[in-house]
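[1] 3D, please:
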Amino acid sequence: MQIRGLLLLLVLILLAAAAEAGKNKKEKAKKDGSKCEDWRWGPCVPNSKDCGLGYREGTCKDESKKLKCKIPCNWKKKFGADCKYKFESWGGCSAQTGLKTRSGILKKALYNAQCEETVYVTKPCSSKIKAKSKGQ
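    Modelled structure (predicted):
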């Protein structure tokens with residue numbers, strides 16, 4: 001009977017410790033944040049060249065912050081790294097231009113970025129004819 005009581009006490013202590021740890025994590029997140037809710041964020045500026053790690057500056061009233069950010073090196077420079085689009089499949093190859101096109105519809109604008117609702121991209125047609133896979 002004493003062992004059962006001791007185990008119950010141990011379980012209660014562990015639960016209390018876990019709840020306190022979760023509470024401290026939430027407080028840490030709030031501590032570094034401010035009461036201001038209307039943050040205006042600038043674009044991600046890479047540390048060197050045009051992609052990779054960098055910083056984004058934000059302002060709210062008379063406060064300012066810098067956040068770390070990353071621009072993937074395969075991003076579409078025309079759209080900006082903060083505009084995320086859902087693209088359709090590539091269209092057929094135009095014999096006149098030698099290009100194929102597809103459109104993308106805005107899915108998400110990060111950090112209040114100014115993004116176009118619909119964008120169009122082109123790429124050169126492939127001169128190779130792809131072989132069908134063996135499974136077909």
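
[2] okay, CA-based contacts and neighbour counts for the rest of this
    Fine.

[3] Just give the strands next to whichever strand in the chain runs longest in its sheet, each with its orientation.
    Using DSSP state E, we find that the single longest strand of the chain is strand 99-109. Here strand 99-109 has these sheet partners by DSSP bridges: strand 83-87 (antiparallel), strand 118-124 (antiparallel).

[4] Burial-wise, tell me which of the ones you listed comes out on top.
    Of these, the one with the most neighbours on average (mean count of other C-alpha atoms under 10 Å) is strand 83-87, at a mean of 17.

[5] I'd guessed Ile71 sits against Leu53; true?
    Yes: counting by C-alpha atoms under 8 Å, Ile71 does reach Leu53; the two are 6.5 Å apart.

[6] what sits in contact with each of those two?
    Taking C-alpha atoms under 8 Å, 6 or more residues apart in numbering as the criterion, Ile71 and Leu53 both touch Pro46.

[7] returning to that earlier point: may I see the buried residues of the longest strand of the chain?
    Buried positions in strand 99-109, judged by neighbour count with 16 or more other C-alpha atoms under 10 Å: Leu99, Lys100, Thr101, Ser103, Gly104, Ala109.
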